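Engineer: After the sequence you'll find the predicted model.
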Amino acid sequence: MPTKAFGFVTDLFTFRRCPDGGAITLVKDDVFECVKCGQKLPEHWNF
């Protein structure tokens, strides 16, 4: 069944993958830190 797409996006989310554990983390307030292990996450997109 076809769906109708909106012509705009209301929210933008930034995600990073932890290089050690592989956890996917939502970056909030520009804090690039893994929620599982606390390791610093890369600032560049890494999926």
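Structural biologist: Now that the structure is in, tell me what you want to look at.
Engineer: how far away is Cys37 from Lys4?
Structural biologist: The gap separating Cys37 from Lys4 is 41 Å, by CB to CB, to the nearest Å. For the C-beta atoms, the positions are set from N, CA and C on the backbone; glycine is no exception.
Engineer: Neighbour count for the two, which is higher?
Structural biologist: Using other CB atoms under 10 Å, the more surrounded residue of Cys37 and Lys4 is Cys37, with 11 against 5.
Engineer: residues in contact with the residue lying closest to the more buried one once chain neighbours are set aside?
Structural biologist: Nearest residue to Cys37 in three dimensions, chain neighbours excluded: Gly21, at 5.5 Å (CB to CB, 6 or more residues apart in numbering). Gly21 is in contact with Cys34, Lys36, Cys37, Gln39, counting by CB atoms under 8 Å, 6 or more residues apart in numbering.
Engineer: rerun at 7 Å
Structural biologist: With contact taken as CB atoms under 7 Å, 6 or more residues apart in numbering, Gly21 is in contact with Cys34, Lys36, Cys37.
Engineer: how close does the last one get to Thr10?
Structural biologist: Taking CB to CB as the measure, Cys37 falls 32 Å from Thr10.
Engineer: What pLDDT does the model give the spatially most central residue of the chain?
Structural biologist: With distances taken as CA atoms, centre = their mean, the residue of the chain nearest its centroid is Phe15 (0.7 Å). Predicted confidence (pLDDT) at Phe15: the value is 96.
Engineer: Would you confirm that it contacts Phe32?
Structural biologist: No. Using CB atoms under 7 Å, Phe15 and Phe32 do not qualify as a contacting pair, with a distance of 10.8 Å.
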